[in-house]
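Visitor: Sequence first, then the predicted structure:
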Amino acid sequence: MFHHVTVLKEQSVEALKVRPDGIYVDCTLGGAGHSGLIASQLGPQGRLIAFDQDEAALANARLKLASYGEVVTLVKSNFRHLKTELKRAGVPERDGVPQVDGILFDLGVSSPQLDEADRGFSYNHDAELDMRMDREQPLTAREIVNEWDERDIADILRDYGEEKFARKIAANLVKLREKSPIETTGQLAEIVKNSIPAATRRTGPHPAKRSFQALRIAVNDELGAFEEALAQSIDCLAPGGRIAVITFHSLEDRICKLAFTKEVASCSCPPDFPICVCGGGDGRLRLTPRKPILPSQEELEANPRARSSKLRVAEKLG
């Protein structure tokens, strides 16, 4: 059963200002929580196009969203192919670019992927080293850990996991893999733990958390795909359309913040204004609101995985 607690569901869908006859895109279908709420607000002339690479998520959504019929189109693809897939889906175009009324990103890994041991995402379950969101792609975490250069592994752990002990972990991985391949998440977690000073391990999250995050991001090229998709999303928004992005760590949030800021750089509103009212000059976006939306205390108590989430929203100017 594909069970996933959707983070910032009401806030993000409300931010899209869904119109019954609009065209909306959920770039991260997952457990279909956001998609279900969007679809429930669409009429017969509306349309929702939802992306996911994971066949388990798509199979779950086919059942969960079946009652909406042709209003919903499911696409098995990485969202970095957004423009291509929207064209293939027959979305109306303007100057050769598909135009939609709202786009949603809910980044990171979904709860079922974390909780299913055989996916290899979690340091809490001993399983084969995998971490692929799309199980048809060739690159796995096992290949990175056992075949990549020590310096490249250290760079991944430092850049994607913000791991202070990246060099020590990479050195130990290379040393131990010379004796026998590192095959499982349990082996990897133990090596990472033993590479971190005991005093550091006594506080904070699991010592392998940052390394597992970094490898997952590298396996799936998450940041590169997001950067490409975000740029395409801004192009594909029709005037008045909105984009909502939920991030879970600083690297994703930085990409989103910089991309949005670049497009509203000419905003001259005072910093204490909650929304842009100057029209943004020659920028293409305005932030609505200007600061990220955070989960409520009630949501944090109900779903601890929401604690690092942020929602940024922008509207396309005419």
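Guide: Looks like it came in fine. Owing to the predicted nature of the structure, the values given are computational and were not obtained by experimental measurement.

Visitor: For the protein, which segments count as strands?
Guide: Shown for the chain, the strands assigned by DSSP state E span residues 23-26, 47-52, 72-76, 93-94, 97-98, 100-106, 237-247, 285-287, 310-316.

Visitor: and the direction of the longest one versus that of strand 100-106, what angle?
Guide: Translated: strand 237-247. With axes from the mean of the first three to the mean of the last three Cα atoms, to 10 degrees applied, the angle from strand 237-247 to strand 100-106 works out at 10 degrees.

Visitor: Please name every helix or strand in contact with strand 237-247.
Guide: Using 3 or more Cβ pairs under 8 Å, 6 or more residues apart in numbering; DSSP states H and E as the contact test, the elements touching strand 237-247 are helix 9-16, strand 100-106, helix 222-236, helix 250-263, strand 310-316. Quick note: C-beta positions are derived from backbone N, CA and C, even for glycine.

Visitor: what's the answer for the third one, then?
Guide: Using 3+ Cβ pairs under 8 Å, 6+ apart as the contact criterion, the elements in contact with strand 72-76 are strand 47-52, helix 55-64.

Visitor: Test my guess that Leu48 contacts Ala39.
Guide: Yes - contact between Leu48 and Ala39 holds when scored by Cβ atoms under 8 Å: they sit 5.1 Å apart.

Visitor: Can you tell me which of the strands of the chain is packed in deepest?
Guide: strand 23-26 (a mean of 28; mean count of other Cβ atoms under 10 Å).

Visitor: List of residues touching that strand?
Guide: 16, 18, 34-35, 38, 42, 46-51, 82, 86, 91-92, 99-104, 106, 233, 236 (Cβ atoms under 8 Å, 6 or more residues apart in numbering).

Visitor: ok, the spatially closest residue to Ala171 that is not a sequence neighbour - contacts?
Guide: Leaving aside its sequence neighbours, Ala171 sits nearest to Glu150 (Cβ to Cβ, 6 or more residues apart in numbering; 6.3 Å). For Glu150, the contact set (Cβ under 8 Å, 6+ apart) comprises 170-171, 173-174.

Visitor: repeat for Val313
Guide: Taking Cβ under 8 Å, 6+ apart, we find Val313 in contact with 12, 15, 242-245, 287-289, 293.

Visitor: which of those residues sit farthest apart?
Guide: Across the contacts of Val313, no pair lies farther apart than Ser12 and Leu287, at 14.7 Å, counting by Cβ to Cβ.

Visitor: any idea how far the spatially most central residue of the chain is from Val174?
Guide: The chain has Leu107 as the residue nearest its centroid, 1.5 Å off, counting by Cα atoms, centre = their mean. Separation of Leu107 from Val174 (Cβ to Cβ, to the nearest Å) stands at 30 Å.

Visitor: same thing with Asp159?
Guide: 18 Å.

Visitor: hmm, back to that, got a pLDDT number for the residue nearest to Ala171?
Guide: As predicted, Glu150 sits at a pLDDT of 98.

Visitor: now the strands of the chain in TSV, with mean pLDDT and distance to Val264?
Guide: Listed next are those as TSV, based on pLDDT from 0 to 100; distance: least, Cβ to Cβ, whole Å:
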stretch	mean pLDDT	distance to Val264
strand 23-26	98	21
strand 47-52	98	26
strand 72-76	98	29
strand 93-94	98	21
strand 97-98	98	20
strand 100-106	98	17
strand 237-247	98	12
strand 285-287	95	5
strand 310-316	97	7
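
Visitor: Redo those strands as a markdown table? Include distance to Arg132.
Guide: Output for those, formatted as a markdown table (distance: least, Cβ to Cβ, whole Å):
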| stretch | distance to Arg132 |
| --- | --- |
| strand 23-26 | 21 |
| strand 47-52 | 13 |
| strand 72-76 | 14 |
| strand 93-94 | 33 |
| strand 97-98 | 28 |
| strand 100-106 | 19 |
| strand 237-247 | 21 |
| strand 285-287 | 33 |
| strand 310-316 | 26 |
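
Visitor: so which of those comes closest to Gln137?
Guide: strand 72-76 (12.2 Å).

Visitor: Please indicate which of the contacts of Glu150 are buried?
Guide: 170, 173-174 (16 or more other Cβ atoms under 10 Å).

Visitor: and Ala214, how many residues sit next to it?
Guide: 25 (other Cβ atoms under 10 Å).
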